[in-house]
Structure formats: structure tokens, C-alpha cells
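Asks: Sharing a model prediction with you, sequence too.
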Amino acid sequence: MASNERLRVAVIIGSTRSGRFGPTVAEWFAAQARRRRELEVDVVDLAEARLPEVLTDEDEELPAEVRALAPRLAAADGFVVVTPEYNHSFPAPLKTAIDWYYAEWQAKPVAFVSYGRESGGLHAVAQLREIFAVLRAVAVTEAVSLPCYWDLFDADGSWPKRGASCHAAAGITLDQLSWWARTLRDARNDYQWRQQ
């Protein structure tokens, strides 16, 4: 694979809750990413994926929904997890989605876009960083945090406001995600990744 080939980034909407704000945040971030010629963006909505809540045993066949999503995750060179914060943590469907897969996450970067009340979802992100480290993914340092995200609506109803600091944060996060995605993709191509 040529090192100048476009990087595939999966933007994962972590909330499946009724009335969720996640799709708005994800589409905004995906639009920022699509402005970069080196990136190809795939928005993965867990509400549409409908992954089962109960995990199978190792010798059982994977459910069709899990098999359907696997190629999209495997094809990604990096991930952006868009998550709200519920009770100082992230949504249960997001943890279930993470647990259904293993090799798909390995040796790939993960960036976070979080939203919530005053913390902006940072409690959720701290826990996700620990989980992805166990899965041998690389959680990038930069992130986008949206505290009191409802305050970012403009007078015309657009979101987020033009001057909001999240625009700059998105750019820095994408810079770092792109660097890690290219570096790790090249490393995976040079060295056959082995599960230990």
C-alpha cells in the first residue's frame, strides 16, 4: 500500500439514546475531516448498527450485525469516537461495540470528541483511553471537548458557532490523528502484526 494513499477514518457515534446530540457532533467533525484531501471518512452510527447487547462465547458464531460492521472497522486506519458523558462515564452501547471486536482496533489511533455538561465528557474519555490501551490501540493526546455544548448554538440555529474554540481543537486533533494513522499504517505494512 502506498504511503500517500488516503487514510480511512471511522467516526463512531457512541450514543444510541433517543433524542441524542451525537449525530450532530459527529457530522460536524466528519465535515472537518472531509475537508482534508488525505482523509476518507466513514460515519458509523451504533444506533443503526444494532449490535446485540449479549456477547457470544468464543466457539459461537458471531451475529450477523457484528459480522456486517467488522469490515468497516477493519478497513479503518484510525478512529474518532464521539461520546457523551453519562454519570461520569460513556454509554453502555459503546462499551458493547468495543468489546465485540479486538483485532480491528489493534495498532490504530483513536481520537475522541466528547460532549456533556461542565466536564465536556472528559471523564468518559479518560476511561476510554484506558480501555483502548488494553486493546493495543493508540489514544491520541489531543481531543475535542464540548462542555455545555448547547451554548454553542449560533443565533441562526447553526452549531457550533463560528468562533467556537472547538474548530481549532478539531484541526489539531485531526493533525495528530492523521500523523498516527499514517505512521501506524506504514508500520503494520512493514511488520505483520501478531496477537500475543
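Replies: Great, that's in hand.
Asks: What residues of stretch 62-82 count as buried?
Replies: In terms of neighbour count (16 or more other Cβ atoms under 10 Å), stretch 62-82 has its buried residues at 66, 69, 73, 76, 77, 78, 79, 80, 81, 82. The way it works is simple: take the backbone N, C-alpha and C, and place the C-beta from them, glycine included.
Asks: Just the ones in helices from these, please.
Replies: 66, 69, 73 (DSSP state H).
Asks: so how far is residue 145 from the second one?
Replies: Noted for residue 69: a distance of 27 Å to residue 145, by Cβ to Cβ, to the nearest Å.
Asks: give me phi/psi at the residue of the chain most remote from its centre?
Replies: Distance from the centre of the chain peaks at residue 155, with 29.2 Å (Cα atoms, centre = their mean). Backbone torsions for residue 155, taken as degrees, to the nearest 10, come to phi -60, psi -30.
Asks: From the ones in helices among the buried residues of stretch 62-82, pick the one nearest residue 41.
Replies: Relative to residue 41, the closest of those is residue 73; by Cβ to Cβ it sits at 13.9 Å.
Asks: For that closest one, give me its contacts.
Replies: Residue 73 makes contacts with 10, 44, 79, 101, 104, 105, as judged by Cβ atoms under 8 Å, 6 or more residues apart in numbering.
Asks: Repeat the analysis, applying 7 Å as the threshold.
Replies: 10, 101, 104 (Cβ atoms under 7 Å, 6 or more residues apart in numbering).
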